[in-house]
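Undergrad: Let's see this in three dimensions:
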Amino acid sequence: MGSILLFLGVLALLLLIYPFFVPWKKDTLSLALGLYFLMTILVTFVGHFPMPIMGYGISPIIGYLIAITAIQKLKIEQTKKERIYKR
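TA: Residues are numbered from 1 along each chain as shown. Purely as a prediction, here's the structure:
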């Protein structure tokens with residue numbers, strides 16, 4: 001298809017895992033989930049597709065959305081606790 005579309009595809013995959021590795025969110029859960037999704041993306045370039053641990057059909061998308069939601073909920077709870085302790 002071309003090198004431009006390859007570049008855009010790889011950039012889109014990197015944007016998918018960016019929320020797990022942002023510098024201001026240094027917690028173990030987000031790093032572990034980010035590493036998991038990075039490895040499931042990288043294994044497809046080796047040729048073992050689809051990866052059985054990732055699932056088939058819509059389940060990888062649902063799993064990704066659940067992971068993003070869990071990280072956001074933890075971030076909200078942490079900011080609430082910080083506000084309580086500052087008072």
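
Undergrad: Report how many residues lie close to Phe21.
TA: Residues lying near Phe21 (other Cβ atoms under 10 Å) number 15. In this view, the C-beta of every residue, glycine as well, is placed from N, C-alpha and C.

Undergrad: Now do the phi/psi pair for Ile58.
TA: The phi/psi pair for Ile58 (degrees, to the nearest 10) reads phi -90, psi -10.

Undergrad: same deal with Leu13?
TA: Per-residue torsions, Leu13: phi -70, psi -40 (degrees, to the nearest 10).

Undergrad: That one and Ile41: what is the separation?
TA: 5 Å (Cβ to Cβ, to the nearest Å).

Undergrad: cool, and Ile61?
TA: Counting by Cβ to Cβ, the gap from Ile61 to Ile41 is 13 Å.

Undergrad: list residues touching both of these two?
TA: Between them, Ile61 and Ile41 share no contacting residue under Cβ atoms under 8 Å, 6 or more residues apart in numbering.

Undergrad: who's more crowded, the two?
TA: Shown here are Ile61 and Ile41; by other Cβ under 10 Å, Ile41 has more neighbours (16 against 10).
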